[in-house]
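need a structure here:
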Amino acid sequence: MLEARVPLAESPSPIRRRLQVPADRRFTRPYLSIQTAMRWENYHRHLFTAPAGASGLRDSEPGHRDGRKALRDTVTATAGDTRD
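All right, here's what the predicted structure looks like:
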């Protein structure tokens, strides 16, 4: 199982969610998993950060990779490993 912590920025009080995804599934489009878990409708801006860099929507901040393509290699896939 892969676990992702999802803190929500710019909210009046801290909001965090933890998601678990089977490690044997492709995690190439994590924003869809997060949107489903949060019951969002594909209109929230998002930014994923990991040691390999930041990625988000194609029209997000300059210098960020397209999260739909870049995030697969930033997700930890070995049991017991973690990333902040």
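
what residues are bridge-paired with the residue nearest to Pro14 when sequence neighbours are not counted?
Distances taken as CB to CB, 6 or more residues apart in numbering put Pro7 closest to Pro14, at 7.3 Å, once the chain neighbours are dropped. Glycine gets a C-beta too; all of them are placed from N, C-alpha and C. The partner list for Pro7 in beta bridges (DSSP bridges) reads Arg16.

residue contacts, Pro7?
By CB atoms under 8 Å, 6 or more residues apart in numbering, Pro7 lies in contact with Pro14, Ile15, Arg16.

among these, who's most crowded?
For the contacts of Pro7, the largest number of neighbours (other CB atoms under 10 Å) sits with Ile15, at 11 neighbours.

roughly how far does that one sit from Gln35?
15 Å (CB to CB, to the nearest Å).

kindly report the same for Ala9.
16 Å.

swap in Leu19?
To Gln35, Leu19 is 11 Å away according to CB to CB.

and the pLDDT at the closest residue to Arg17 other than its chain neighbours?
Excluding the flanking residues, the one nearest Arg17 by CB to CB, 6+ apart is Val6, at 4.5 Å. With respect to pLDDT, Val6 scores 72.

which strands or helices does the host helix or strand of Ile34 pack on?
Per DSSP states H and E: Ile34 is located in helix 30-38. Under the contact definition 3 or more CB pairs under 8 Å, 6 or more residues apart in numbering; DSSP states H and E, helix 30-38 sits against strand 2-8, strand 15-21, helix 67-70.
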